[in-house]
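1. build me a model:
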Amino acid sequence: MPHKQKIRVRIAPSPTGTLHLGTARTALFNYLFAKKNGGDFILRIEDTDLARSDRKYEKDILENLEWLGLKWDEEPCRQSERKEIYQKYIKKLFDSGQVFWCGCSKEELEEEKKGQMERKESPRHTCQKKTKEGEGIIRFHCPDKKIFFDDMIKGRVEFDCGLLGDIGIARDEKTPLYNLAVVIDDIEMKISHVIRGEDHISNTPKQMLLLEAFGAIPPRYAHIPLTMGPDKAKLSKRHGATAIEDYKKMGYLPKALTNFMAFLGWHPGSEKEIFSLEELAREFSMEKMNKSNAIFDIEKLNWFNGQYIRQMDLDELTKKCLPYLKEAGLIRGLPPLRGQPPSYLKKVIALERERLKKLSEIGELTEFFFLDKLDYAPELLIWKKLSLKEVKNNLEILEKVLSKTDKFDQKSLQDTITPLTEKYGVGDLLWPLRVAITGRKASPGPYEVMEVLGKERVLERIKEAIEKIKEYV
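-> Residues are numbered from 1 along each chain as shown. So this is what the prediction gives:
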């Protein structure tokens with residue numbers, strides 16, 4: 001009985017920019033496939049383009065993959081450190097006579113391509129200028145035959161290799177170009193499955209021919225449909241943030257992002273939507289991958305993030321909100337305001353967590369809890385057809401009643417004010433009360449806000465509202 005190859009997959013980002021959401025999504029599907037099948041998830045840094053590669057981008061990629069929980073199983077390797085390996089494989093190709101030095105200039109290549117386009121032919125290079133060693137680039141002559149593979153998502157895919165021409169594979173004996181470097185690394189790392197975006201599908205026949213040239217068995221391929229913007233165009237910066245680091249800074253949680261990204265191309269076949277990374281790995285299968293492109297929906301991401309925010313332990317959520325409150329200039333430390341205890345901050349966060357979609361919103365949502373004075377127009381206090389004079393009278397009634405109230409919890413406040421609303425009208429009393437204590441049209445309920453603010457500050461704000469109105473009545 002033949003030995004079954006261990007499943008080994010890889011994510012191979014280039015450190016020429018920050019970790020893109022599309023790359024992170026591909027990494028996630030590789031990770032899930034590996035974990036579901038007891039395999040290895042390998043990280044490979046494709047940094048052969050030294051002019052554009054930067055260690056700061058590599059750092060961003062590593063840190064954000066780890067932040068998402070996508071931890072690799074072996075020490076990451078860098079292509080720039082593997083030149084001796086590449087040299088050995090390139091020599092094999094020369095020894096077999098399958099590659100040659102091509103001295104065609106850039107201008108000659110452009111002229112050739114232009115002619116083919118005019119004749120409505122597929123652009124391909126057929127070298128007419130083979131040169132001696134070290135001049136030009138190294139090319140591989142593709143045989144004139146058909147090649148096919150069974151894609152795990154797309155099914156049978158077939159190519160006519162005769163349309164590929166002579167493909168560039170290396171700058172010199174130690175520096176492979178993309179397709180050759182990928183093939184050599186996949187052989188050396190014993191990669192069993194290549195799971196990547198469908199924009200790489202045109203590279204597959206070239207890589208399969210090179211694998212064949214080395215006498216290697218091709219891995220199984222799975223080409224994932226792309227993530228598109230709402231306008232059905234490929235996801236880009238014009239659709240909003242594309243870097244994982246940007247989503248982190250905006251206050252999206254890693255669990256929400258991985259859950260959201262999993263649904264960009266995969267579906268569990270049930271109504272369940274909230275999955276931990278471990279649950280996703282248990283449920284994942286290639287058979288449940290979509291064949292059509294995924295549409296990026298920011299509102300759906302916000303929904304996922306809101307769900308995880310509401311599940312979070314309040315102490316942890318409060319800790320995560322602190323940097324955003326400090327950045328907004330609302331707190332400098334604890335206690336945050338007027339000698340309030342640390343529990344004050346937790347009460348504020350607890351009150352707003354139901355409306356919180358991302359952590360960066362916390363400053364805007366809770367600002368009124370931290371200000372000494374609220375800035376709003378007196379007209380905001382008016383409910384429907386009430387006059388400012390009537391608003392002033394209603395606020396004076398509330399001030400009088402609340403000043404005599406000993407218990408300032410939600411239930412006691414509601415018990416105190418409800419009889420007044422039956423007499424004067426719910427909106428006539430509660431609307432100006434809400435505006436007086438928050439300065440806003442929309443906020444959590446006035447009873448909940450009053451309990452957090454406390455009696456002293458509630459009465460202060462009601463008095464300030466009355467003073468605002470006095471200038472106009």
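2. quick one: residue 93 is in a helix?
-> Yes: counting by DSSP: H, G, I helix; E, B strand; the rest coil, residue 93 falls inside a helix.
3. quick one, domains of the protein?
-> Following automatic domain parsing, the chain resolves into domains at 82-224, 237-309, 312-369, 378-470.
4. weakest of those in terms of mean pLDDT?
-> Among these, domain 312-369 has the lowest mean pLDDT, at a mean of 88.
5. before we move on, the earlier item: for residue 60, find the nearest of the domains of the chain.
-> domain 237-309 (6.0 Å; C-beta to C-beta). Bear in mind the C-beta positions are built from the backbone N, C-alpha and C, glycine included.
6. I'd like the distance between residue 225 and residue 380.
-> 49 Å (C-beta to C-beta, to the nearest Å).
7. meant to ask about residue 43, not that
-> 54 Å.
8. could you pull out the strands in the stretch 151-300 of the chain for me?
-> Along the stretch 151-300 of the chain, counting by DSSP state E, counting those that start in this stretch, strands occupy 155-160, 166-172, 175-176, 193-197, 220-224, 227-228, 294-295.
9. ok, the third one: who's next to it in the sheet?
-> Translated: strand 175-176. With DSSP bridges as the test, strand 175-176 is paired with strand 166-172 (antiparallel).
10. chain center to the strand it pairs with, what's the gap?
-> 35 Å (C-alpha atoms, centre = their mean, to the nearest Å).
11. same question for stretch 197-214.
-> In terms of C-alpha atoms, centre = their mean, the centre of stretch 197-214 is set 28 Å apart from its chain centre.
12. mind listing what's buried in it?
-> Buried residues in stretch 197-214, counting neighbours by 16 or more other C-beta atoms under 10 Å, are found at 197-198, 200-201, 204-211, 213.
13. same question for stretch 133-148.
-> Judged by neighbour count (16+ other C-beta under 10 Å), stretch 133-148 contains these buried residues: 136-142, 147.
14. cool, and stretch 321-328?
-> 321-322, 324-325.
15. same question for stretch 161-169.
-> Neighbour counts over stretch 161-169 (16+ other C-beta under 10 Å) mark 161, 164-169 as buried.
16. one more: stretch 26-46?
-> Applying 16+ other C-beta under 10 Å to stretch 26-46 flags 26-37, 39-46 as buried.
17. helix, strand or coil for residue 43?
-> Three-state assignment for residue 43 (three-state DSSP): strand.
18. now do the contacts for it.
-> The neighbours of residue 43, taking C-beta atoms under 8 Å, 6 or more residues apart in numbering as the test, are 10-12, 62, 65, 72, 74, 76-77.
19. so how far is residue 285 from it?
-> Taking C-beta to C-beta, one finds residue 43 at 23 Å from residue 285.
20. swap in residue 313?
-> Residue 313 is 32 Å from residue 285, where distance means C-beta to C-beta.
21. neighbour-wise, which of these two wins?
-> residue 285 (13 against 8; other C-beta atoms under 10 Å).
22. so that one makes contact with residue 37?
-> No: counting by C-beta atoms under 8 Å, residue 285 stays clear of residue 37, with 9.6 Å between them.
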